[in-house]
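[1] From the sequence below, what's the structure:
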Amino acid sequence: MKLRSIWANLETVVERYDHRFWTLVAIQLIVAVGFGAAMPFVSLYLHSQLGVPMTLVGTILLVSALVASSGRIVGGEIADRLGRRPLVLAGMIARAAVFALMALAIYLRWSVWAVAAIFMVIRMVGAIVRPGLMAMVSDVVLPENRVEAFALFRIGTNAGWAIGPAIGGFMISVSHYSSLFVLTTLASLIGLALVILFVRESIVTTESERFALKRVLDVGRDVRFLIFCGWAVLLFIVMAQFASTLAVFSTENIGISEAQLGWLFTINGIAVVLFQWPAARLAARIGIRWGLVLGCLGYAIGYFTVGLVPNFGFLVGSMVIITLGEVVFSPVSMAAVANMAPEARVGRYMGFYGLTEALGWSVGPFLGGVLYDQLAHSPVALWGSLASIGVVAAFGFALTQRRKANLQQA
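    All right, here's what the predicted structure looks like:
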C-alpha cells in the first residue's frame, strides 16, 4: 500500500507540469552530466598540470566570472525581448563549440592564458543562457508551484552532477583532461537536439520597448529586491568555494585522490537528488524567509567542518551538510526572485539576480585562493573565515525578509 501511495504521488507530480518543463529537466540532466564531468577539475588542471599558483587560479576564476556577469543581464533581456527558445537554442550551439575548443586547447597543451580565455567564453555563454532557462521554468508553472518546480529542476541538474564528476575522475585516471571536454561537447549537442525537437516557446508576449540600459538597471530601484540580492551575494561567495578552494584543499591538505574528489562531487549530486524534494516540502512549511536562513546556516556549518576533517570519510560528512544547505536555499531563492518580478520582467529579474550570483562566484574563488595561500597551514582559520560569511548572510535574511513571507509571496 505504501509503495502504491508513493507511485500515486509521483503520478500526481508528473501530471501537474507542462511537458516542456519535464523536457527542460531532461535537458538539464544531460548537459549537467557533461558539465559536471569537466568543470570541477578546471582549477585542479590549472594548478597541478600547468603549475599555476592558487592565487592566480582564483584570479582567473574571478576575472572570468566578472566578464560573464554581464552575460546574465544580456541573457535576461534577450529572453524577454526575443523569447526563451531562441536564446536557449543559440546557447546550446555556442556551448558545444566552445567546449570542443577547450578540449583541443588542453589536448595540445596551449598556454594558461589561452585556456583562461576559453574558460571565460565558457562562463559567458553559460551566463547568457541561464536567465532564459530559469524564466522558461517560471513561465510554464503556476506561482504556487514554483518552489517545487525549481526543486525538481535542480534534481535534474544534480542527478547530472552525481554522475558527471565520477565519470570525470575516472576519465582523468585512465585518459587525458581533454577527454572531459569532449564528453561535455557531446552532452551539449544532445541537449540542442532535444530543444529543437521538443521545446516550444513559453512566453506569450515579448518586451516591445526599445532597449535602454537605464531600464535594465531600473531593477536596482526595487529596494526590497536589491537588499535580497545583497545578502545573496555573500552566500554565493561561500558557495563558490565548492569547485575551487575545496577541490585543492581536499587533494593537497587532506590528501584525497582525484578519483575521490570526483566521488565527493558525485555524493553531492546524489544527496541533492535524495534530499531536494523533502527540502522543498520543508520550505513549504517554514516559508521563504526561514528557508533562506536555514540554507545559509547549512552552508556555513558544512564549510566550517571542512577545516576539522582528517580524511575522506569525514569529508563526505561535511559535503552532506553543505548539500543540505544547498537543497534548501537554491529553489527557495529562485522562487523568491520569480515571485518578486513583474510578469513581463521575469527574465530581467533573473538576469539581475544572476549578476549577483556571478559577482559572488567571481569574488569567492579569488578570496578563497588568497585565504588558502595565507592560511593553508591553519584549516580551522581558513574555513572558519569563509563560514562566517554565510552566518552574516543568514542574519541578514532573518532581519530583512518579511516575517509573514511564504511561498506565494516572497
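[2] got any ranges where the chain has weak pLDDT?
    Under the criterion of pLDDT under 70, the regions of the chain flagged as low confidence span 1-11, 13, 204-218, 220, 344, 402-410.
[3] And the strands in the stretch 201-350 of the chain?
    Across the stretch 201-350 of the chain, reading from the start of the chain, there are no strands by DSSP state E, counting those that start in this stretch.
[4] Okay, helices next: where are they in it?
    Listed in chain order, the helices found in the stretch 201-350 of the chain under DSSP state H, counting those that start in this stretch are 213-217, 223-239, 245-249, 258-306, 312-340, 346-375.
[5] And the stretch 51-200 of the chain, by the same measure?
    Taking DSSP H, counting those that start in this stretch as the criterion, the stretch 51-200 of the chain contains helices spanning 54-81, 84-107, 112-139, 146-174, 178-198.
[6] nearest to A393, of the ones you listed?
    Comparing the helices of the stretch 51-200 of the chain against A393 with Cβ to Cβ, the closest turns out to be helix 54-81 (18.3 Å). Where you see a C-beta, it was placed from the backbone N, CA and C, and this is true even at glycine.
[7] how about the closest one: buried residues?
    Applying a neighbour-count criterion of 16 or more other Cβ atoms under 10 Å, the buried positions in helix 54-81 are 54, 56-69, 71-81.
[8] which residues does R221 contact?
    With Cβ atoms under 8 Å, 6 or more residues apart in numbering as the criterion, no residue contacts R221.
[9] and the spatially closest residue to L282 that is not a sequence neighbour, how far is that from I322?
    Excluding the flanking residues, the one nearest L282 by Cβ to Cβ, 6 or more residues apart in numbering is V328, at 7.0 Å. For V328, the distance to I322 under the criterion Cβ to Cβ, to the nearest Å works out to 11 Å.
[10] Who has more neighbours out of those two?
    Neighbours of V328 and I322, each counted by other Cβ atoms under 10 Å, are more numerous for V328; the result is 28 against 24.
[11] if we can go back for a sec, which residues do V328 and I322 both contact?
    The overlap between the contact sets of V328 and I322 (Cβ under 8 Å, 6+ apart) consists of G298.
[12] picking up where we left off before, would you format the helices of the stretch 51-200 of the chain as a markdown table with distance to L246 included?
    What follows is the helices of the stretch 51-200 of the chain, written out as a markdown table (distance: least, Cβ to Cβ, whole Å):
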| stretch | distance to L246 |
| --- | --- |
| helix 54-81 | 12 |
| helix 84-107 | 22 |
| helix 112-139 | 18 |
| helix 146-174 | 12 |
| helix 178-198 | 18 |
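[13] Point out the one among these that comes closest to F225.
    Between F225 and the helices of the stretch 51-200 of the chain, the tightest spacing by Cβ to Cβ is seen for helix 54-81, at 13.4 Å.
[14] Mind giving me the packing neighbours of the closest one?
    Using 3 or more Cβ pairs under 8 Å, 6 or more residues apart in numbering; DSSP states H and E, the elements in contact with helix 54-81 are helix 84-107, helix 112-139, helix 213-217, helix 245-249, helix 346-375.
[15] Try it again at 6 Å.
    Secondary structure elements in contact with helix 54-81, counted by 3 or more Cβ pairs under 6 Å, 6 or more residues apart in numbering; DSSP states H and E, are helix 112-139, helix 346-375.
[16] Make CSV from those and add distance to A232 and mean neighbour count to it.
    Formatted as CSV, those follow (distance: least, Cβ to Cβ, whole Å; neighbours: other Cβ atoms under 10 Å):
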stretch, distance to A232, mean neighbour count
helix 112-139, 14, 23
helix 346-375, 5, 23
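[17] right, and those helices - which one's nearest V88?
    helix 112-139 (5.3 Å).
[18] got the angle for the closest one vs helix 312-340?
    50 degrees (axes from the mean of the first three to the mean of the last three Cα atoms, to 10 degrees).
[19] and the angle from helix 112-139 to helix 54-81?
    40 degrees.
[20] so what secondary structure elements neighbour helix 112-139?
    Under the contact definition 3+ Cβ pairs under 6 Å, 6+ apart, helix 112-139 sits against helix 54-81, helix 84-107, helix 346-375.
[21] Identify whichever of those lies nearest to I254.
    The minimum distance between I254 and the helices and strands packed on helix 112-139 falls on helix 346-375, with 13.0 Å, by Cβ to Cβ.
[22] got the CA positions of the helix or strand that that closest one is followed by in PDB?
    The element immediately downstream of helix 346-375 (helix or strand, assigned by DSSP states H and E) is helix 379-400. In PDB, the C-alpha atoms belonging to helix 379-400 read as follows (Å, rounded to 0.1, in the frame of the first residue of the first chain):
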ATOM      1  CA  PRO A 379      42.500  24.800   8.300                       C
ATOM      2  CA  VAL A 380      40.200  26.000  11.100                       C
ATOM      3  CA  ALA A 381      41.000  29.600  10.500                       C
ATOM      4  CA  LEU A 382      40.700  29.200   6.700                       C
ATOM      5  CA  TRP A 383      37.300  27.600   6.700                       C
ATOM      6  CA  GLY A 384      36.100  29.500   9.800                       C
ATOM      7  CA  SER A 385      36.700  32.700   7.900                       C
ATOM      8  CA  LEU A 386      34.700  31.500   4.900                       C
ATOM      9  CA  ALA A 387      31.900  30.100   7.000                       C
ATOM     10  CA  SER A 388      31.400  33.300   8.900                       C
ATOM     11  CA  ILE A 389      30.300  35.000   5.700                       C
ATOM     12  CA  GLY A 390      27.500  32.500   5.500                       C
ATOM     13  CA  VAL A 391      26.400  33.300   9.000                       C
ATOM     14  CA  VAL A 392      26.300  37.000   8.200                       C
ATOM     15  CA  ALA A 393      24.000  36.200   5.200                       C
ATOM     16  CA  ALA A 394      21.700  34.200   7.500                       C
ATOM     17  CA  PHE A 395      21.300  37.100   9.900                       C
ATOM     18  CA  GLY A 396      20.700  39.400   7.000                       C
ATOM     19  CA  PHE A 397      17.900  37.400   5.600                       C
ATOM     20  CA  ALA A 398      16.400  36.800   9.000                       C
ATOM     21  CA  LEU A 399      16.300  40.600   9.700                       C
ATOM     22  CA  THR A 400      15.200  41.900   6.300                       C
END
